[in-house]
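Visitor: sequence and predicted structure, then a few things I'm wondering about:
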Amino acid sequence: GRERDDVQHLPGPPSTISSWIWGHELLVFQHAATQMYSIWARSFGGLFKIRGALFHPDIIVATDHAAVQHIFAKSDIYVKSPAFRPPIKNLLGEGLVWAEGEDWHRQRKILSPAFSPDAVKGMMSVVYECAERLETRLTNLVLLDSTPARDGTSLNILSYLSGCTLDIVGSVALSHSFSAQSARPNDTHSDAAQIHASWTSHVNTGLKPLAFLAPLVVRAFPAVANAPLPLMQTQGAIKTIVRRIGQQILDREQSAFDGKREKTPGDSDSETPANHTGRAKDIISVLLRSRRLGNSDGAETISDEHILDNISTFIMVGHETIAGSLGFALWELARQPAIQDRLRAEVLSHGRDLSYDDIQKLEFLDAVVKEGLRLHPASPQTERLALEDDLIPLSDPIPGIGQSFRVKKGQVIHIPFTAMHTNPQVWGPTAAVFDPTRWLQARDPATLPHGWSGLLTFCDGPRNCLGWRLAVLEFKIILATLVRSIVFSDTGVHIDQKISPTLQPVVNGKGGALPLRLKLV
Ligand code: HEM
């Protein structure tokens with residue numbers, strides 16, 4: 001490595017607007033998700049520095065396309081930062097989202113086949129079934145509403161969406177039926193109700209004025225990760241519930257396997273517990289097979305603890321993410337009836353039973369999905385820590401620095417996806433407006449960020465979102481299924497957007513609810 005780095009030469013917001021103890025990070029937290037980063041990127045360009053909290057060395061904020069592509073491509077050098085990993089561990093355990101290095105390589109290799117294009121295609125019927133159940137549930141609510149307002153029945157769409165997406169991930173990944181959509185509305189004891197309640201309480205704890213402290217204090221003093229801070233405790237509550245369910249799933253698979261083995265001794269095809277149902281590749285099957293096979297034939301192996309950590313990981317990242325983004329997309333459609341009508345017309349013109357290939361042909365649906373995921377990514381930013389000195393290439397040269405940028409080992413980098421997705425230099429003057437038609441025009445991919453459809457919604461590089469294909473499929477099927485029979489309209493309530501820990505709609509300071517009005521078509 002070279003002696004000096006280039007951080008000192010970077011521009012950045014003035015120290016007059018930074019707090020002595022919280023640096024610029026308090027300002028970032030107090031504003032809407034990634035809002036300060038978008039504003040500063042416009043003034044200071046694709047790479048700028050901010051003062052970190054608790055005397056942390058300056059943090060780089062990167063939105064430059066080449067720089068971000070490089071950082072995500074080199075996932076062995078740029079790892080999740082110390083502020084990021086303890087909360088992940090407290091919430092999800094040491095599964096795929098948390099792991100780094102060899103441990104991550106091994107887990108990713110084991111889990112990837114469960115989300116191959118063919119595997120996801122095979123999830124179609126479950127996704128349809130759950131989407132139709134949601135359609136029926138919402139339709140019945142509107143029909144049974146004895147005092148509907150003139151504009152329709154008002155409800156919190158998030159809790160219904162998350163029931164639907166929990167049922168999907170349970171079924172396709174874990175062969176587990178949460179029955180979230182068949183539970184009675186006031187049932188607070190079901191697993192689904194407990195997961196949703198603890199998640200909502202976690203979201204709200206994270207929105208409290210000093211909540212932003214927790215990860216920053218942990219970054220400065222790692223031992224605090226185990227301290228009884230409220231944020232850590234709500235994480236613990238979710239983990240306890242989800243792990244209990246994970247253990248039940250594991251026990252069920254094991255006893256089904258033992259039962260089968262008694263009947264067919266010596267049948268080597270039954271070496272995987274989950275194979276008894278013919279599911280060769282879902283998450284639970286690939287995990288159990290790797291545990292059973294061990295290293296005997298060079299296969300990857302995984303411990304029971306890691307299996308439980310991954311079950312928890314997939315339950316959580318596999319449902320609230322999609323539910324939240326879908327909620328925001330429906331909210332955008334509610335505010336723009338002409339766009340909603342156009343989407344409905346396209347869906348209805350293709351009939352009711354759409355095949356996998358039919359779904360891919362719906363151009364406007366595709367555009368609506370991309371536009372929703374551009375403006376409201378479930379994870380609007382991420383951070384990375386450089387493990388080595390490195391030279392980062394730049395799309396836009398920085399005056400006084402040039403075409404590439406030197407970082408030193410230990411540098412923390414924030415990457416605000418939404419700031420990149422709403423950069424007027426890339427997306428034009430309507431960058432901040434929900435306008436799906438922008439996706440119907442031809443555009444040079446080289447001008448967009450590197451990632452799925454020119455977006456960073458699913459991150460990029462080796463550590464991109466493993467569930468992206470399923471997420472996009474769910475998005476399309478659920479949207480298409482709902483708009484064909486329900487008209488969504490805005491309640492007029494003001495909705496803020498905050499990160500806690502995923503992108504949340506916030507109404508009067510409270511998270512966990514996104515009110516919409518519903519009428520039948
Ligand atoms: C709209 C829905 C979703 C969005 C926007 C999303 C976004 C992301 C992002 C941004 C990351 C990278 C996080 C980081 O490095 O900071 C990620 C990782 C991941 N996502 Fe998703 N996700 C979604 C749905 C899903 C679903 C449905 C699953 C699985 C069923 C899933 C599984 C994962 C896993 C396992 C990782 C970690 C991958 C690794 O580190 O190797 N996600 N996701």
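Guide: In hand now; what should we look at? As the structure is a prediction and not an experimental result, all values here were calculated from the model.

Visitor: the residue in the chain positioned nearest to the ligand: how many residues sit nearby?
Guide: Of all residues in the chain, residue 467 sits closest to the ligand, at 2.1 Å by C-beta to the nearest ligand atom. All C-beta spots, glycine's among them, are computed from the backbone N, C-alpha and C. Other residues within reach of residue 467, judged by other C-beta atoms under 10 Å, total 23.

Visitor: do the longest helix along the chain and the ligand meet?
Guide: In the chain, ranked by residue count with DSSP state H as the criterion, the top helix is helix 230-263. No - between helix 230-263 and the ligand, judged by C-beta under 6 Å from any ligand atom, nothing touches; the nearest distance is 13.8 Å.

Visitor: now that helix, how far from the centre of its chain.
Guide: 22 Å (C-alpha atoms, centre = their mean, to the nearest Å).

Visitor: for the record, mean pLDDT for it?
Guide: Helix 230-263 comes out with an average pLDDT of 81.

Visitor: in it, which residues are buried?
Guide: Buried residues in helix 230-263, defined by neighbour count with 16 or more other C-beta atoms under 10 Å: 231-232, 234-239, 241-243, 245-246, 249-250, 252-253, 256-257.

Visitor: residues from the stretch 201-350 of the chain in reach of the ligand?
Guide: Contact residues (C-beta under 6 Å from any ligand atom) of the stretch 201-350 of the chain with the ligand: 314, 317-318, 321-322, 325.

Visitor: show me this protein divided up by domain.
Guide: Per the record, the chain has its domains at 7-83+380-453, 113-375+464-520, by automatic domain parsing.

Visitor: and residue 301, how many neighbours does it have?
Guide: Residue 301: 15 neighbours (other C-beta under 10 Å).

Visitor: looking at it, it is touching residue 289, isn't it?
Guide: No - the pair residue 301 / residue 289 is not scored as a contact, 10.0 Å apart, by C-beta atoms under 8 Å.

Visitor: wait, does stretch 396-415 make contact with the ligand?
Guide: No - using C-beta under 6 Å from any ligand atom, stretch 396-415 stays clear of the ligand, with a minimum separation of 8.4 Å.

Visitor: so residue 403, which state does it fall into?
Guide: Here residue 403 is recorded as strand under DSSP: H, G, I helix; E, B strand; the rest coil.

Visitor: next up, the contacts around the residue nearest to residue 321 when sequence neighbours are not counted.
Guide: Leaving out its chain neighbours, the residue that sits closest to residue 321 by C-beta to C-beta, 6 or more residues apart in numbering is residue 378, at 3.9 Å. Listed by C-beta atoms under 8 Å, 6 or more residues apart in numbering, the contact set of residue 378 reads 320-322, 324-325, 457, 502-503.

Visitor: try it again with 6 Å
Guide: 321, 324-325, 502-503 (C-beta atoms under 6 Å, 6 or more residues apart in numbering).

Visitor: so, low pLDDT: which residues of the chain?
Guide: 1-3, 148-149, 185, 225-226, 261-280, 293-300 (pLDDT under 70).

Visitor: quick one, strands of it?
Guide: Applying DSSP state E to the chain gives strands spanning 47-50, 59-62, 78-80, 153-156, 381-386, 390-398, 402-407, 412-416, 486-489, 496-499, 503-507, 510-511, 515-520.

Visitor: the first one pairs with which strands, parallel or anti?
Guide: What that stands for is strand 47-50. Strand pairing for strand 47-50, using DSSP bridges, gives strand 59-62 (antiparallel).

Visitor: hmm, the partner strand in reach of the ligand?
Guide: No - Strand 59-62 does not reach the ligand (C-beta under 6 Å from any ligand atom); its nearest approach is 13.4 Å.

Visitor: ok, and what's touching that strand?
Guide: 37, 47-50, 52, 68, 412-415.

Visitor: just to revisit the earlier point, output the residues of the stretch 201-350 of the chain next to the ligand in JSON lines, with neighbour count and distance to residue 132 appended to each entry.
Guide: Formatted as JSON lines, these follow (neighbours: other C-beta atoms under 10 Å; distance: C-beta to C-beta, whole Å):
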{"residue": "314", "neighbour count": "29", "distance to residue 132": "23"}
{"residue": "317", "neighbour count": "24", "distance to residue 132": "24"}
{"residue": "318", "neighbour count": "23", "distance to residue 132": "20"}
{"residue": "321", "neighbour count": "23", "distance to residue 132": "22"}
{"residue": "322", "neighbour count": "26", "distance to residue 132": "17"}
{"residue": "325", "neighbour count": "26", "distance to residue 132": "20"}
